[in-house]
Structures are given as structure tokens and as C-alpha cells.
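Peer 1: sequence first, predicted coordinates after that:
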Amino acid sequence: MADAAAKREARRRRILENSESRFQKISGRDTSDDIGNGISQEFFVEPAEEIVLPNLSNQDNCDFVSPVSRSTSYNSSEPVNPEELANLLRGTIGSTKPPKKPSLLNNFLFNRFIYAVLALIINFLIILKIDSPVGKSVITPFLLLLLPRVYILTTQENSPQENMMYAVLMLCNIRPSLISKLKNSYKIWSLVVDDFNIYIFSFVMFYFTITRHFIDYEEELAKLETVQVIIDPST
């Protein structure tokens, strides 16, 4: 029993010595330190200097946090305004007031049926051979009616969805003013194109269904009067 234990101990020591010799060959070290308990003292390396950890109990943890620089394609020259960001979020989330009802003037101007009425009025003026207050132009009345619509559209308050979009853009370090200009330009362009199409369609439809018949009738009546004068000059 004792012989078997001694053999196992001798075998363990030989394995450790072989491992130690291989380690010395690999690392290039050749020391004559004694092997204690089969483990070399080279495996126990004392630290070169004492490591001192900072005491965070009396200091602000934010001092040890460095800001992470974010590289974006839209670098704003101005920092994010916390008050503006808070106002946008407050108007998006914390607003409990019901939305304001549009005024009667807004409902009147933003009802596109008004362009059909305007086209009908212009056709009646043509039938009666009365010049409109702006002359014989067909486009000028449309422009006079379009300008107030554009002004009201550009001065409207942002919706909660738009406020949330601007807040996200500010957090991404993107200037909301650029997005606002693009959005307003798109709104104005869409308004002008849609309104002009409605007005021209209404004007052409009324002209060929009503105005043209009156004009043709007056021309035929004038021709008959001319023929009557030629046949009977006394009349």
C-alpha cells in the first residue's frame, strides 16, 4: 500500500519536473530555484507596483465617464438645446389639451370646392362680357386665392407626430430646421399643384359645357343680323 502511494508521488513529481523543463525551454528562462511541492516559484509573480483603485464614495461618478463621440453625416454647429427638446417632448407626450378647432376662415379657404366656384364665376363673367377686377386673366384670380392658403399652411403649429420627429432628429444630432424647410417646401409644392389642377379642370369643364354654347349662340346671332342687313338694307 505504501509502495503504491510512493510510486504515485514519484510519478507526479516527474510529470511536474518535465512540465517545468518544457516551460523553461519555451520561455527561455533557466533558473536554479528549488521546486517546492512540485510547483515552481516562477508561477507566482509579485506585482511590480501596488494597484490603487479610486475611491468613488466621495466623488461624482460622472467624472469617470468620458463622452462618446458620435460621427454622423449631419454635424450640427450648435449643441442640442435642452429646453427646445423638452418643449417638443412636452408638446408630444404631456399635452392634454384638445386640439384647437380651425376657424371659419380656415375652413373656407382650405375647402377646395371654392376653386370650382371661382371657375364658375370667371365663366359667367366671360359670358356677360364683363372684365373681372383683375382683367381678362384666368390665372390671376387663382393666385390671389392661393396666397392666403400658402400663408396659413406655413404658419400652422406642428402636430404631435412632427414634434416627436424633431425630438428624435435632435437626439441624433441632426438639425431639425433643415427637415422643417424641406417639409414646408414639399407641402407648398403639393398645395400649388393640387389646387391648380382642380381649378383648371373646373374652368375647362364649365367653359365647354356652358360658356362655349353661349358664345356660339351670340356669334350665330351676330351672323344672322349681318345677313339680314345685307338682304334688307332698309332695316
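Peer 2: It's in.

Peer 1: what average pLDDT does the helix or strand harbouring Phe206 get?
Peer 2: Taking DSSP states H and E as the definition, Phe206 sits inside helix 176-206. The predicted model assigns helix 176-206 a mean pLDDT of 88.

Peer 1: now for it, which elements pack on it?
Peer 2: With contacts taken as 3 or more CB pairs under 8 Å, 6 or more residues apart in numbering; DSSP states H and E, helix 176-206 sits against helix 113-127, helix 139-154, helix 160-171. From N, CA and C alone the C-beta is placed, and that goes for glycine too.

Peer 1: out of the ones you listed, which comes closest to Ile198?
Peer 2: Among those, helix 113-127 comes nearest to Ile198, with 4.8 Å by CB to CB.

Peer 1: got the buried residues for the closest one?
Peer 2: Buried residues in helix 113-127, counted by 16 or more other CB atoms under 10 Å: 114-116, 118-120, 122-123, 125-127.

Peer 1: before we move on, back to that, distance to Leu178 and mean pLDDT added to the helices and strands packed on helix 176-206, as CSV?
Peer 2: Below are the helices and strands packed on helix 176-206 laid out as CSV (distance: least, CB to CB, whole Å; pLDDT from 0 to 100):
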stretch, distance to Leu178, mean pLDDT
helix 113-127, 33, 88
helix 139-154, 16, 87
helix 160-171, 9, 70
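
Peer 1: of all these, which one is nearest Ser177?
Peer 2: Of all the helices and strands packed on helix 176-206, the one in closest proximity to Ser177, counting by CB to CB, is helix 160-171 (9.3 Å).

Peer 1: excluding its backbone neighbours, what's nearest Thr211?
Peer 2: With CB to CB, 6 or more residues apart in numbering as the criterion, Thr211 has its nearest non-adjacent residue at 4.5 Å, and that residue is Asn123.

Peer 1: contact partners for Lys187?
Peer 2: Counting by CB atoms under 8 Å, 6 or more residues apart in numbering, Lys187 touches 153-154.

Peer 1: any idea how far Phe206 is from it?
Peer 2: In this view, Lys187 and Phe206 are 29 Å apart by CB to CB, to the nearest Å.

Peer 1: cool, and Val138?
Peer 2: Noted for Val138: a distance of 11 Å to Phe206, by CB to CB.

Peer 1: shouldn't Ser137 be within a helix?
Peer 2: No - secondary structure of Ser137 (DSSP: H, G, I helix; E, B strand; the rest coil): coil, not part of a helix.

Peer 1: measure it to Leu147 for me?
Peer 2: For Ser137, the distance to Leu147 equals 15 Å [CB to CB].

Peer 1: so for those two, which residue has more residues nearby?
Peer 2: Taking other CB atoms under 10 Å, Ser137 and Leu147 do not tie; Ser137 has more neighbours (12 against 9).

Peer 1: what about Met164, neighbour count?
Peer 2: Each residue near Met164 was counted by other CB under 10 Å, and the total is 16.

Peer 1: quick one, what contacts Ile198?
Peer 2: Contacts for Ile198 (CB under 8 Å, 6+ apart) come out as 112, 115-116.

Peer 1: quick one: which of the helices and strands packed on helix 176-206 is nearest Ala6?
Peer 2: That would be, of these and by CB to CB, helix 160-171, which comes in at 73.8 Å.

Peer 1: give me the neighbour count for Val193.
Peer 2: Around Val193 there are 10 other residues, counting by other CB under 10 Å.

Peer 1: sorry, wrong one. I was asking about Ile179.
Peer 2: By other CB under 10 Å, neighbour count at Ile179 equals 15.

Peer 1: state the distance from it to Thr209.
Peer 2: As defined by CB to CB, Ile179 lies at a distance of 45 Å from Thr209.

Peer 1: over to Lys183?
Peer 2: Lys183 sits 39 Å away from Thr209, taking CB to CB as the criterion.
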